[in-house]
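>>> this one's sequence-less:
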Ligand code: HEC
């Protein structure tokens, strides 16, 4: 998880600047956090990639390549080649079975939906940035 490494690196930098003030090491410690904090931090809630034409276009490209077969290019769940018996979700309605925040949708795309995993885990095949781009694409599609 690149972002986690980045977080750890940030904390390390903060710790090194410790001699300049007592408050800094305390902040660094807070940054590393308890197990519970890490649990929360493991599910980033905000989309770090701003909504933009470029992001939507990038999201559309990746979606067309990996997601269209099941969810359909309009993301309405009407893909032509979904495995028989599976029910790909409509991704442009208001119903989110696994959470509606950007962070929750990100987690679903990255980790898939157990136990059947008809909705696969895409971690390692799609970059985190492109998952966020897909979410921007879906938000844009739903709004238009
Ligand atoms: C092989 C078919 C298939 C492919 C390919 C696929 N999905 Fe899915 N997806 C599903 C199915 C089936 C579900 C419903 C899972 C469930 O709730 O049991 C689902 C659910 C989801 C959900 C959760 C919707 C909700 O209501 O919470 C999201 C988000 C999603 N897919 C996004 C994607 C994205 C993005 C891609 C491409 C990277 C993708 N899917 C590729 C089959 C697929």
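Cool, got the structure. Everything quoted here is computed from the prediction, not taken from an experiment.

>>> which strand or helix spans residue 85?
In this structure, residue 85 sits in neither a helix nor a strand according to DSSP states H and E.

>>> quick one: neighbours of it, just the number.
7 (other C-beta atoms under 10 Å). C-beta coordinates here come from the backbone N, C-alpha and C atoms, glycine included.

>>> contacting residues for the closest residue to residue 86 other than its chain neighbours?
Of all residues not flanking residue 86 in the chain, residue 118 sits nearest, at 3.9 Å (C-beta to C-beta, 6 or more residues apart in numbering). Neighbouring residues of residue 118 by C-beta atoms under 8 Å, 6 or more residues apart in numbering: 70, 82, 83, 86, 87, 88.

>>> residue 101 too?
Applying C-beta under 8 Å, 6+ apart, we find residue 101 in contact with residue 45.

>>> roughly how far does it sit from the ligand?
11 Å (C-beta to the nearest ligand atom, to the nearest Å).

>>> quick one: contacts for residue 108?
Counting by C-beta under 8 Å, 6+ apart, residue 108 has contacts 98, 99, 119.

>>> my read: residue 64 touches residue 72, true?
No: between residue 64 and residue 72 there is no contact under C-beta atoms under 8 Å: 10.5 Å.

>>> out of these two, which sits in the busier spot?
Set residue 64 next to residue 72 and count neighbours by other C-beta under 10 Å: residue 72 wins out with 19 against 12.

>>> quick one, phi/psi of the more buried one?
Dihedral pair for residue 72: phi 80, psi 150, per degrees, to the nearest 10.

>>> how near is it to residue 78?
From residue 72 across to residue 78, the span is 4 Å (C-beta to C-beta, to the nearest Å).

>>> so what are the domain limits for this protein?
2-41, 53-143 (automatic domain parsing).

>>> out of the ones you listed, name the one with the poorest average pLDDT.
Here the lowest mean pLDDT among those goes to domain 2-41, at a mean of 48.

>>> quick check: residue 60 touching residue 137?
Yes: if you go by C-beta under 8 Å, residue 60 and residue 137 touch, sitting 5.0 Å apart.

>>> so which of those two has more stuff around it?
Counted by other C-beta under 10 Å, residue 60 and residue 137 do not tie: residue 137 has more neighbours, with 25 against 20.
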